[in-house]
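>>> fold the following and give me the result.
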Amino acid sequence: MRAVVQRVRSAAVQVGDETIARIGPGLAVLLGVATVDRPEDGERLAAKILALRIFDDDRGRLDRTVLDIRGAVLVIPQFTLYGDVRHGRRPDFAHAAPPDLGRRLFDAFCGVLRGADANVSAGRFGANMRVELEGDGPVTIVVSTDAWAEADIGRHA
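Alright, predicted model coming up:
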């Protein structure tokens with residue numbers, strides 16, 4: 001899984017003329033799911049994102065989490081994060097999960113966040129969405145589970 005995590009003052013998602021999700025201060029998470037991803041990847045990624053200390057404390061240091069500030073999390077499905085542009089000019093999405101797997105793991109990821117008492121809103125899987133983000137900082141972090149399994153194997157050898 002790949003996530004682009006942005007600290008926001010506000011964020012919203014529209015499908016057609018309908019606003020389907022809106023948050024105030026917190027995190028916007030663009031989430032891509034790969035063909036090889038498993039539920040455990042979503043669990044680890046969700047825990048990592050909730051633990052990111054990317055909000056200012058009283059001294060202006062990045063030392064608070066989204067849960068610490070009682071912020072919200074807007075999760076937006078983004079299969080294009082697995083677009084491979086190494087060859088040619090058109091992205092190849094062969095490594096993006098097929099829709100059924102992508103939807104299942106996207107929903108599970110959101111469920112893990114909710115289970116940790118995060119205030120979660122979500123975009124609509126498979127829909128053409130208009131996303132509005134009012135960045136804060138800006139603070140943007142890319143988190144990927146792509147190499148975590150290999151790192152675990154090496155660590156336990």
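>>> which residue packs closest to the residue sitting nearest the centre point of the chain, ignoring adjacent ones?
Against the mean C-alpha coordinate of the chain, by CA atoms, centre = their mean, the closest residue is residue 29 at 3.2 Å. Nearest non-adjacent residue to residue 29, counting by CB to CB, 6 or more residues apart in numbering: residue 75, 4.8 Å away. C-betas here are computed from N, CA, C, even on glycine.
>>> report pLDDT for that neighbour.
Model confidence at residue 75, given as pLDDT, is 99.
>>> just grab the bridge partners of it for me.
Using DSSP bridges, the beta-bridge partners of residue 75 come out as residue 29, residue 122.
>>> which ones are touching it?
29, 31, 106, 109-110, 113, 120-123 (CB atoms under 8 Å, 6 or more residues apart in numbering).
>>> okay, now the unreliable bits of the chain?
149-157 (pLDDT under 70).
>>> ranges for the helices of it?
Under the criterion DSSP state H, the chain contains helices at 39-51, 99-115, 148-155.
>>> now do the first one against helix 99-115, angle only.
In this structure, helix 39-51 runs at an angle of 40 degrees to helix 99-115, with axes from the mean of the first three to the mean of the last three CA atoms, to 10 degrees as the basis.
>>> what packs against helix 39-51?
Using 3 or more CB pairs under 8 Å, 6 or more residues apart in numbering; DSSP states H and E as the contact criterion, the elements in contact with helix 39-51 are strand 2-15, helix 99-115, strand 130-144.
>>> once you drop chain neighbours, what's closest to residue 141?
Nearest non-adjacent residue to residue 141 (CB to CB, 6+ apart): residue 5, at 4.7 Å.
>>> contacts for stretch 30-47, please.
By CB under 8 Å, 6+ apart, the residues outside stretch 30-47 that reach it are 1-4, 6, 75-82, 94-98, 101-102, 105-106, 108-109, 112-113, 116, 143, 145-146, 148.
>>> can you give me the end-to-end distance of stretch 116-126?
End-to-end distance of stretch 116-126 (CA to CA, to the nearest Å): 26 Å.
>>> give me the contact list for it.
So stretch 116-126 is in contact with 13, 15, 20-23, 26, 46-47, 50, 66-67, 70-77, 99, 102-103, 106-107, 110, 113-114, 129, 131, going by CB under 8 Å, 6+ apart.
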